[in-house]
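> Here you go, sequence then predicted model.
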Amino acid sequence: MKGMIMNEKFIKTYKLRQSGNSSISTIPLKVKQLINVENGDEIEFIIVGKQVLLQKARSVIDKYNDTSIQNVANQYNSKSEK
């Protein structure tokens with residue numbers, strides 16, 4: 001079993017498997033519990049540099065609110081720079 005210690009948590013290595021034209025892997029129960037997902041839920045992969053974060057998919061309302069907040073912040077920043 002391969003793994004490494006990060007923030008005092010043990011991270012286990014999992015292999016990718018082929019399923020049709022996709023590569024698949026499992027999500028450990030502890031990870032599912034941490035991000036509050038169950039079988040059938042949607043998840044998001046967020047790419048940050050060369051790292052990938054995994055989280056429960058946000059609702060359309062949450063995504064809209066994130067975009068709206070960013071738009072307001074951008075408008076405020078552009079006005080304050082003038």
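Received, thanks. None of the values given here were measured: they were computed from a predicted structure.
> host element of the residue nearest to Val31 when sequence neighbours are not counted?
Spatial nearest neighbour of Val31, excluding adjacent residues (CB to CB, 6 or more residues apart in numbering): Leu54 at 7.4 Å. (Each C-beta comes from the backbone N, C-alpha and C, glycine too.) Leu54 is located in strand 51-56, with elements delineated by DSSP states H and E.
> got a list of contacts for that strand?
27, 31, 35-37, 41-46 (CB atoms under 8 Å, 6 or more residues apart in numbering).
> Note down every partner strand of it and its orientation.
strand 43-48 (antiparallel) (DSSP bridges).
> So which bits of the strand it pairs with are buried?
Within strand 43-48, no residue counts as buried by 16 or more other CB atoms under 10 Å.
> Put the alpha carbons of it into PDB.
Extracted in PDB, the C-alpha atoms of strand 43-48 (Å, rounded to 0.1, in the frame of the first residue of the first chain):
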ATOM      1  CA  ILE A  43     -18.900  16.000  -7.700                       C
ATOM      2  CA  GLU A  44     -16.700  18.800  -9.100                       C
ATOM      3  CA  PHE A  45     -13.000  18.600 -10.000                       C
ATOM      4  CA  ILE A  46     -11.400  22.000  -9.500                       C
ATOM      5  CA  ILE A  47      -8.000  22.500 -11.100                       C
ATOM      6  CA  VAL A  48      -5.600  24.700  -9.200                       C
END
